[in-house]
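Participant: pasted the sequence and its predicted model underneath.
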Amino acid sequence: MSLAEAESEIVLSEGSRARSGARITRQLRRVPLPALVAVGLFVVIGVVGPWLAPYDPNQVDLASVRQSFSGEHWLGTDSLGRDELSRLLTAARTSLVAIALVLGLSILIGAVIGVVAGATGGIVDEVLMRLTDVGLSVPSLVMALAVLGARGPGYYNMILALTLCWWPAYARLTRVAVVSLRQQPHIEATRLIGVPPLTVLVRHLLPPAVAPTLVFASGDAGFVALAVATFSFLGLGLQPPGAEWGQMLVDGLLTLEQYPMLVVLPGLALTLTIVGLNLLGEALALDSLPRNISRRTLRRRIAKLPPLGVGRRVDRVDELTDAYFGRTR
Amino acid sequence: MSANPVLDIRHLSVRLHTRNDSVQVVDDVSWHLAPGKTLALVGESGCGKTVSALSLTGLWPAGVVAECDGEAWLEGQNLMELNEVRHRRIRGTQIGMVFQDPLTAFNPARKVGPQVADAVRRTHPKMNKAEVRRRVQDFFVEVGISEAEHRYDLYPHELSGGMRQRALVAMAIANEPRVLIADEPTTALDVTMQAQVLDLLQRLQRRHGMSIVLITHDVGVVAGMADDVAVVYAGKVVEFGPVVDVLTNPRHPYTRGLLAAIPGADVEPGTRFVTLPGLPPDMADLPSGCAFAARCELAHDRCSAIPALVPFESPAAEHQVACWAEPPDISAPEKVSRR
Amino acid sequence: MARRLLTALFLMFLGSVTGFLLINLAPGDVTVLVAERRSGPGATSEDVARMAHELGMDRPLPVRYADWVWHALQGDLGASLQRNLPITPELVDRAGQTLLLVSGAAVFAGLVGGLLGMLGALYPDSWIDRIGRGLALLGASIPSFYLAALLILFFGLKLGVVPTFGLSGPASWILPWIALGTGPAGVFSRVVRVGLERAMAEPFAVTGFSKGFTRRQVLVKDALPNIGPSVLGVLATQTGQMVPGAVVIETVFAWQGVGSYFYEAVKFRDIPVLQSSLLVFLLAFVVLNTLVDIIQARLDPRIRRQFEGVAT
């Protein structure tokens, strides 16, 4: 879902909160099973992965370097003899935490800036939104790279750099939501009955304004995952010896021809995760176009309905009409 | 009605299927259209009048799958039995369409002339560019678009509503179709424009010998344009006949209600609008009997069965009505429901 | 037109300020680093101070920004900290490779993505549509460096049909183009597919069908001109976002473009090079967007009307 689509979604769904809630539920039901499985697996492994790991992911064992699959090391070992499976499992958490932090911080910063801008209006709004516009109009990953360049590589620096370039979209979304909410009768009513502005802000504006950004974030997660992987690949994220898929992949590149699995496996984990996140985002995206009923469902439905030609045919009470008109039809 | 209708619809039923729902929108409808004549399908929006016309062209909006039953004969072919390829060949060449909103009916990103030229090129694929252009401009002149040379290269938004509708008509008649389906052709226009466009349609009809299926909810348009009328209610034709008979001597309570609801020019200021009581029926949930019974003053026990469309007065009469009410009831005009 | 250029200039200004601030407000004194690199470990505080003065780092930020912009406008972007070589000729030298990479990838994305999207819209829900959508999803999801590695492994090492790194004639361009272009191709094909399908549901498409057009004719004659301009904009945005991808791909394939220069600067905290590359990227981005704006306005009468302010 693009930012513009997300914005129009918010504007369209203004009106009734119940309806937009129902829409989100409906959208969630549309998420295909493979996406749920992939994302679910990623999250679960991200949480419990390190405990599932059969070995210490950083345990160097120079005696058993670059082994292939075996009963001892299911997915083999890397160039330092570390257990590949353990590293893959541990790396899931690295990604999950990075994605969650970047998105969480972006939503937080975006919510604060968006609500302040939308609720105060005037010059504050103007300044904050122009700032947001600049953030949106320059390519964010390049900016993030530059920030990392200035601050030096590192896991938290990477998260900081990404957040710094990621929040503007969320600020914009929150503001759009707040502004369209503020014009609603029930919010105006709170002002009329004298609810303090701060209470209105926190109790009535913030929750419904942040809800759509959460939907947007779920579609955005794939991009963050890709960015995190790219930065790690470039050696700018988590520093050795910590395990991260992108970084494991780089390590394997040196021996790509001899030991391709050291590249293929982390890449596969990465790709599956991102495919799952993107599928999730696609399913949640604005989909205004009605889709045709599938042929199979149609056939099944028609079988259940009465035959078309005789559905509501005229009741054959010919005698009555005949008597009425005194003729034979 | 004359012996050989151009278009002969027999027992047409249409059920529309969307992802969530199936609704029967047209229910056992029969009507016919004589060469060079105009038949008006009149009714409230959503009553199935547009759908019965669309089923002739086989064009359905996105997300809708139609299931049709019955026959629709045009020039010796049953349209209901055509496959997509043969149906397509009929579109434009034998059935032309004029749509309600000429602004959205044109592609906003293309010039008007070339969009009309597409239609010309269909039957004259070998014609060169200049010839096609000249021909389109001839059509423009014929439908009353002045400065055709200049207007050929304008975009839809650069034309006025009336001009756009004229251009749309030019596109529809470019291949001289036998039948023209005009779906609310004047609804989106100013009142003054409406008369001009109707006038244009009639002139073209005379010149090209077209038959017109006019879909409208405007009884005034019917009176000015149609030869025959089919009044449609809840997917069924409830009254059918020559326009004079139906409008001056309406038989079905629904037709009477429609006619009574037209505000006349001679109405005293302050008079309340006459309206039909109740709401249009929910097509997805029709009663088992006559669908109009719920809004009908003359409703009776018999109305739990569906009345047939039968000739009124004499067996050979063109004027037909589908109502159980006794002649004394329905011939008494003052009984028309008023509020 | 003039307004559009002004907007572009303003954006350049804001972007460069933002970049400048983000880079220069980072904690940690770069001068220490440079001093150590230049005069060996154990640089004294005097060394550092001298270095700071030499580099102009001891002046207030606005002055430094103004100075930097002033020189940049004259084509002087300063010298790199790492090698103390002038930046401008280096950038000019490297721009060609990056241009080759990005434009090739953009063409690949446009052709492949456009074709997939069109086929999908032409035969919706057919097997070709399903495969197309699957490929689009995969393409948009797979990290470029992973795809690059797989391509190198398969075509370069196993089959040996193309060079695996460096720049040695057209054969060596193919893999980088594919690796960089696949992601945008995936996104682009989805945009084309959805855009065409929406256009095919518009009333004007129904008009097209009522003229007796086939689905293909409506798609080509009516839907494509309708979505063309906006889709072009998406492709341009995608191209603009290829820059970080170029950093990766140039590194993987050992090309000497602006991307790899930028990457080196990132690794060594080479602030002048960072600023300068960022400026070049920003310039490319703004120029690209402005160009697309102009082309869109030419193609699309509705946008043209907005710009000319003609009422109908």
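Facilitator: Nice, I can see it.

Participant: residue contacts, the closest residue to residue A:305 other than its chain neighbours?
Facilitator: Using CB to CB, 6 or more residues apart in numbering or on different chains and skipping the chain neighbours, the partner closest in space to residue A:305 is residue B:22 (6.3 Å). C-beta coordinates here come from the backbone N, C-alpha and C atoms, glycine included. Residue B:22 sits next to A:301-302, A:305, B:15-16 when contact means CB atoms under 8 Å, 6 or more residues apart in numbering or on different chains.

Participant: neighbour count, secondary structure and pLDDT for those residues - can I get that in a markdown table?
Facilitator: Formatted as a markdown table, the contacts of residue B:22 follow (neighbours: other CB atoms under 10 Å in any protein chain shown; DSSP: H, G, I helix; E, B strand; the rest coil; pLDDT from 0 to 100):
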| residue | neighbour count | secondary structure | pLDDT |
| --- | --- | --- | --- |
| A:301 | 15 | helix | 83 |
| A:302 | 16 | helix | 83 |
| A:305 | 13 | coil | 80 |
| B:15 | 23 | strand | 86 |
| B:16 | 23 | strand | 86 |
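
Participant: which one of those residues sits closest to chain C?
Facilitator: Taking CB to the nearest CB as the measure, chain C sits nearest to residue B:16 out of these, at 15.6 Å.

Participant: so what's that closest one bridging to?
Facilitator: Bridge pairing for residue B:16 (DSSP bridges) gives the partners residue B:23, residue B:66.

Participant: quick check, central residue of chain A?
Facilitator: Nearest residue to the geometric centre of chain A (CA atoms, centre = their mean): residue A:218, 2.0 Å.

Participant: any idea of the pLDDT on that residue?
Facilitator: At residue A:218, the pLDDT value in this model is 81.

Participant: wait, it sits on residue A:282?
Facilitator: No: taking CB atoms under 8 Å as the definition, residue A:218 is not a contact partner of residue A:282, at 10.6 Å.

Participant: now the nearest residue to residue A:210 once chain neighbours are set aside: which helix or strand?
Facilitator: Using CB to CB, 6+ apart and skipping the chain neighbours, the partner closest in space to residue A:210 is residue A:111 (5.3 Å). According to DSSP states H and E, residue A:111 maps onto helix A:84-120.

Participant: how about the nearest residue to residue B:88, chain neighbours excluded?
Facilitator: Among residues not flanking residue B:88 along the chain, residue C:212 sits closest, at 5.7 Å (CB to CB, 6+ apart).

Participant: three-state assignment of the one you found?
Facilitator: Three-state call for residue C:212 (DSSP: H, G, I helix; E, B strand; the rest coil): coil.

Participant: hmm, it is touching residue B:91, no?
Facilitator: Yes: here residue C:212 reaches residue B:91: they are 4.3 Å apart, a contact under CB under 8 Å.

Participant: tell me where chain A has helices.
Facilitator: For chain A, applying DSSP state H gives helices covering A:3-13, A:17-30, A:33-52, A:84-120, A:122-137, A:140-151, A:155-182, A:185-192, A:197-199, A:206-233, A:245-253, A:261-284, A:295-304, A:318-325.

Participant: could you pull out the buried residues of the fifth one?
Facilitator: Put plainly, it is helix A:122-137. A:125, A:128-129, A:131-132, A:134-135, A:137 (16 or more other CB atoms under 10 Å in any protein chain shown).

Participant: format these as a markdown table; extra columns: distance to residue C:86 and pLDDT.
Facilitator: Output for those, formatted as a markdown table (distance: CB to CB, whole Å; pLDDT from 0 to 100):
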| residue | distance to residue C:86 | pLDDT |
| --- | --- | --- |
| A:125 | 44 | 87 |
| A:128 | 40 | 87 |
| A:129 | 39 | 86 |
| A:131 | 34 | 81 |
| A:132 | 36 | 85 |
| A:134 | 30 | 77 |
| A:135 | 31 | 78 |
| A:137 | 30 | 73 |
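
Participant: doesn't residue B:23 make contact with residue B:284?
Facilitator: Yes: with contact defined as CB under 8 Å, residue B:284 and residue B:23 form a contacting pair (4.8 Å).

Participant: and those two? Which one has more around it.
Facilitator: Taking other CB atoms under 10 Å in any protein chain shown, residue B:284 and residue B:23 do not tie; residue B:23 has more neighbours (19 against 10).

Participant: spit out the contact partners of that one.
Facilitator: By CB under 8 Å, 6+ apart, the residues touching residue B:23 are B:15-16, B:283-284.

Participant: same deal with residue A:234?
Facilitator: Taking CB under 8 Å, 6+ apart as the contact definition, residue A:234 lies against C:247-248, C:251, C:263, C:266.

Participant: who wins for neighbours among those?
Facilitator: Among the contacts of residue A:234, residue C:247 has the most neighbours (other CB under 10 Å), with 27 neighbours.

Participant: what pLDDT does that residue get?
Facilitator: Note on residue C:247: pLDDT of 89.

Participant: gap between it and residue C:173?
Facilitator: 18 Å (CB to CB, to the nearest Å).

Participant: quick one, helices of the stretch 151-300 of chain B?
Facilitator: Residue ranges of the helices in the stretch 151-300 of chain B, as given by DSSP state H, counting those that start in this stretch, are B:161-173, B:191-208, B:219-225, B:243-248, B:253-260.

Participant: for the first one, the distance to its chain's centre please.
Facilitator: Relative to its parent chain, helix B:161-173 has a centroid offset of 17 Å by CA atoms, centre = their mean, to the nearest Å.

Participant: same deal with the last one?
Facilitator: Per CA atoms, centre = their mean, the displacement of helix B:253-260 from the mean C-alpha position of its chain is 18 Å.

Participant: sorry, back to before: which one of the contacts of residue B:23 is nearest residue A:238?
Facilitator: Minimum separation from residue A:238 among those (CB to CB) is found for residue B:16, which lies at 56.6 Å.

Participant: which positions in chain B make contact with chain A?
Facilitator: Chain B has residues B:11, B:13-15, B:17-19, B:22, B:24, B:27-28, B:62-65, B:67-70, B:235-236, B:286, B:302, B:305-311, B:315, B:322 near chain A, with proximity defined as CB under 8 Å from any CB of the partner chain.
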